Structures are given as C-alpha cells and as structure tokens.
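J.: Got a sequence here, can you build the structure:
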Amino acid sequence: MIRQARSNKKQRVVDELVHRIESGLLADGLPLPEEDQLAQELGVSRSTLRHALTELERRRYIAMQTGGGSVVTYDGMTLDQNNGWTQALADTGARIHTELLRFEAIERPEMLHQFGVSHFIALDRRRRRADGTAVSLERSLMPATHGLESLPRVGLIDNSLTITLAAYGFVGERGDQWIGAEPLSEEEALLLGRAPGTVFLKALRTTYDRQGRFMEQVESWLDPLHFRMHQSFGTPT
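T.: Modelled structure (predicted):
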C-alpha cells in the first residue's frame, strides 16, 4: 500500500508538470523552480519530486542538470565545455594557439561493441601559450558517419569541432567525464615538450547526442599548472 501511495503521488506530480509544460505555464528553455519550493508547492517530499523529474526527463519533457557538478578550470576560469574548449579558452582571455597534429579516418574494430561503429575520424590537437609552452594535448574520435567522414577533406567550421558537429546534426545531450593524474608516456611527453613521467591531468570525456548516438570521445592531457578541477556543493548562502 505504501509503495502504491508513493507511485500515485509521483504520477500526480508528473501529470501536473506535464500540464504546466504543455500549457506554457512553464516556459521552454527556462529552469524549473527550486526543488524545495516545487516540492512544497505540490505537497510532496523531495524524494517523490526527484522520481517524478526523472520520469519527465525520460519522456524528454525536461533536461536535468546535476547540481554541484565538477567543472574544469584554466587559470582559475571555468571552461564551458558545451561550447568546445577552443571557444571556452578564448572566453577566458587566454592567448592560446591551437595546432592541428592529425585529422584522418581510422578503423577501430575493437570499439564496435562500445559505440556501435568501427570507423572513426581522429582529430589530434595541441594547444600552446603565447610563450610557446604546450599546455594541453587533445585526441578526439568521432563516428565516420552522417557526413562526418568528409571532415578531413573539408575541415572544421570556424576551427571549432563543437560547431562542426552541430552543423552535421550532432548536438551533445549527455555523457560522462573521468579526470585523474597520470604520468606522460614518451610519445605524449615528446608532443608536449616535457620529460617522460611528468604528471599531467588526464581527462576522458564521452558524449552522446540528442538521438542517443555516440558523437565524440576526447582524451585530454592537461598541464596541472594551469588546469584544475573545481567542484561546488551544497546550497549557496
């Protein structure tokens, strides 16, 4: 009976919020009210509200963002990775030059099970400060499908991979990112102008688009003198 009551409450919240969204009471693109406020207004616990919001996200009525998430910073400035790091670094005012190291079609049969494709476009880029110091090395893989297979020939739009992917119908919606500290191999050390074994931050970010398609995996080696991971938590006072 208790489980049935909880289910009924969740469904009531789902129905009410769907009504508000479809009637325009909750405008598209604007954030929902704070969870505490919304739960109190609807007369349910936050737990019930969260279950209802998860259902709405599954049905694509809303897109939830997890509060207190981790972000990457450059010299203390937050990088908005949704716009691509080329633009994000430019927005910080940093004088960063991006070098193209590799842009070609490759085959990776061992990745077929993971991503549903075995042919990829590989894009390797190195970023340098104005004094010539390399601060990052990024290796991106995109599926060689839906027109992306032509990218090595036609190039990127505005030198931005994010803008280019969007132009081909790939707009990121979900994914994950792992960040840790690892020593550079001889190959990475050579490309970054550092001694082998130098510890850098390593980030592995995988992104899927609005249709659930794999769109990019990027492995980044980041100079810890400039890049940091920042995490906020709790409720601001």
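
J.: and the end-to-end length of stretch 37-53?
T.: 14 Å (Cα to Cα, to the nearest Å).

J.: Next, the buried residues of it.
T.: L38, A39, L42, V44, T48, L49, R50, H51, A52, L53 (16 or more other Cβ atoms under 10 Å). C-beta here means a position set from N, CA and C on the backbone, and glycine is covered the same way.

J.: Can you tell me which of these is closest to G180?
T.: Nearest to G180 among the buried residues of stretch 37-53, counting by Cβ to Cβ, is R50 at 29.4 Å.

J.: what's that closest one in contact with, if anything?
T.: Shown in contact with R50 (Cβ atoms under 8 Å, 6 or more residues apart in numbering): E35.

J.: So for whichever helix or strand it is part of, mean pLDDT?
T.: Using DSSP states H and E, R50 sits within helix 46-58. Averaging pLDDT along helix 46-58 yields 78.

J.: and it, how far from the chain's centre?
T.: 22 Å (Cα atoms, centre = their mean, to the nearest Å).

J.: what are the ranges of the helices in the chain?
T.: 2-23, 35-42, 46-58, 85-91, 112-115, 151-154, 161-167, 186-192 (DSSP state H).

J.: show me where pLDDT drops low in this protein?
T.: 1-7, 25-32, 57, 60-93, 230-237 (pLDDT under 70).

J.: Settle this for me: E186 is touching P196, isn't it.
T.: Yes. The pair E186 / P196 is scored as a contact, 4.8 Å apart, by Cβ atoms under 8 Å.

J.: Which one of the helices of the chain lies nearest to S220?
T.: That would be helix 85-91 among those, by Cβ to Cβ, at 8.0 Å.
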